[in-house]
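Undergrad: build the 3D model from these lines:
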Amino acid sequence: MPPLRPLAGFGTLFRWGLRLTCRWPRLLAIGLPAIILCALLGEGYVGGKHWDRPNDEWLDLWILFDEGMLGYILPLIALLTIASGLRVEIGRKTFVYHLVRPVSRTTMFLARFASGVLPATVLSTVVLGVTCIASGLDLPASVWLSLPVTSFVTAVAVGAFYYVVTTLFRGGMIIALVYTFVFESLFAGTRGAMQKLSIMFHVRGVHHGLTDEVFKENSDNVVRALDPEIDLGSIDWTNVSAFQKLQERVAYDDPMSAFLICVCIAAGLLVYGAWRISQRDFPLKD
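TA: As a prediction, this is how the structure comes out:
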């Protein structure tokens, strides 16, 4: 049999994976609760009363994007749409039937990942858009155009981590959840360069690079939160420590550098995952 061309059969495998990922019951089960939650957050959190800071709708949305959407909701969407790509078939022993087809394991691994990135990006863009609409703020076009970019980078970067650990390890879903709720939160709350160990730190760099100028134009509090040199004693906040926490964050890279770092993280994870899959045996029965 002649050697296969690189990525031969990728399109067929991508469409196969997309059909499995985009089943309507599955998409509704993931998307509908996320949309409802984001609508409630956008309406209730933005413009609501906050005991630890002044009333500022633009600051509310800025924090909601950073801590809520990028901290939990978008990663969980990526987890639910991308992570189980090959894990289910490996567990059911149906994966071995694909190995007899004239495609490489690397192509199969990458195509199934890509088939999860597309719905993850679409769902994430929708929930971000719902949050913006529910906030009631008059956002410029630049913010709306940034939403699919942020969603895509999240799906690729953190989605690659979820996909690799759930494919290679039986307890991969638990590892992914622990990473999201424990380690990401730990890194995000750490002072100094330790924050850069977080995958979402670099995703946030893309998001902030595309949107911060708009928020700074509309909110002096966002300007203060992004300025580590400002005198905390001059801030009329009920809880100055909350403001200090924002100031202690390491400055993000410019959006292009952050994007390239996210791509490199995803590429490294996928190369490792593809190599591990190419070395494994998949018997019909254990």
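
Undergrad: next, the buried residues of the longest helix belonging to the chain.
TA: If you go by DSSP state H, the chain has its longest helix at helix 105-135. Neighbour-count burial for helix 105-135 flags 105-132, 134-135 (criterion: 16 or more other CB atoms under 10 Å). No exception for glycine: its C-beta is placed from N, CA and C like everyone else's.

Undergrad: quick one, what contacts residue 150?
TA: Neighbour list for residue 150: 70, 74, 124, 128, 203, 206, 207, 210 [criterion: CB atoms under 8 Å, 6 or more residues apart in numbering].

Undergrad: count of neighbours near the fifth one?
TA: Applying other CB atoms under 10 Å, we find 27 residues neighbouring residue 203.

Undergrad: my guess is it meets residue 151, correct?
TA: No: judged on CB atoms under 8 Å, residue 203 makes no contact with residue 151 at a distance of 9.9 Å.

Undergrad: for the stretch 151-286 of the chain, which segments count as helices?
TA: 172-178, 184-188, 199-218, 220-225, 240-247, 255-279 (DSSP state H, counting those that start in this stretch).

Undergrad: adding distance to residue 263, write the contacts of residue 150 out as JSON lines.
TA: What follows is the contacts of residue 150, written out as JSON lines (distance: CB to CB, whole Å):
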{"residue": "70", "distance to residue 263": "17"}
{"residue": "74", "distance to residue 263": "17"}
{"residue": "124", "distance to residue 263": "17"}
{"residue": "128", "distance to residue 263": "21"}
{"residue": "203", "distance to residue 263": "11"}
{"residue": "206", "distance to residue 263": "10"}
{"residue": "207", "distance to residue 263": "15"}
{"residue": "210", "distance to residue 263": "16"}
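
Undergrad: closest one of these to residue 216?
TA: residue 210 (12.8 Å; CB to CB).

Undergrad: wait, what's in contact with the closest one?
TA: Taking CB under 8 Å, 6+ apart, one finds 142, 143, 146, 149, 150, 255 in contact with residue 210.

Undergrad: what subset of those residues is buried?
TA: Taking 16+ other CB under 10 Å as the criterion, what is buried in the contacts of residue 210 is 143, 146, 149, 150, 255.

Undergrad: and the residues you listed as CSV, adding secondary structure, distance to residue 194 and pLDDT?
TA: Below are those laid out as CSV (DSSP: H, G, I helix; E, B strand; the rest coil; distance: CB to CB, whole Å; pLDDT from 0 to 100):
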residue, secondary structure, distance to residue 194, pLDDT
143, helix, 30, 94
146, helix, 27, 95
149, helix, 26, 96
150, helix, 23, 96
255, helix, 22, 89
